[in-house]
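Novice: Next come a sequence and a model predicted from it.
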Amino acid sequence: MKRLVTAFCLAFVGAPVAAAPLCDDFGFAGLLAKCNRGETIELTLASGQPLGEDQTLESGAYYTLEITADGSAELAVSGPDFFRAIWMNEIVINSIEIRPMAVDSIEFDKAGTVEMSFVAIKPGRHVLRIPGSTGESQQVTFSIQ
């Protein structure tokens, strides 16, 4: 019995530490449960203005990303690495819901807002940036833990 307890303790101590979920009981909705939702992330696309602040996300948590373009220029956001690190639930544009398989970028020809809901999946640092820009303020880094 003593060997069994010792083996169990060694196995438990050597096991990787798992992140705690945002809620204890997901219920019928699973990962999309209201208690598993992180704060809404807001980004603004404007000519010569910072895109937004870097974000830390929890793997397995459900988030909403709102990108608003002010119409000052034709701008896009691109981030194939970020879009492949998440499971996209839907993209909403003008009250039209789109359920995409994959996204590389989103371009705004004039002022408007796009709302994306997703579950963060792949841990690491992933960048969403304005294509062709080189400034640090023209990108947002998402750190998924």
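Specialist: Structure's in. What do you need? Numbers count the residues shown, from 1 in each chain.

Novice: so where do the strands sit in this structure?
Specialist: Per DSSP state E, the chain carries strands over the ranges 41-45, 55-57, 62-69, 75-78, 86-93, 96-98, 105-108, 112-120, 124-129, 139-144.

Novice: These: which one's closest to Cys35?
Specialist: strand 62-69 (9.7 Å; Cβ to Cβ). C-beta: built from backbone N, CA, C; applies to glycine.

Novice: how close does the residue nearest to the spatial centre of the chain sit to Gly38?
Specialist: The residue lying closest to the centre of the chain (Cα atoms, centre = their mean) is Ala120, at 5.0 Å. From Ala120 over to Gly38 the distance is 8 Å, taken as Cβ to Cβ, to the nearest Å.

Novice: quick one: common contacting residues for those two?
Specialist: Residues touching both Ala120 and Gly38 (Cβ atoms under 8 Å, 6 or more residues apart in numbering): Leu57, Glu58, Ala61, Tyr63.
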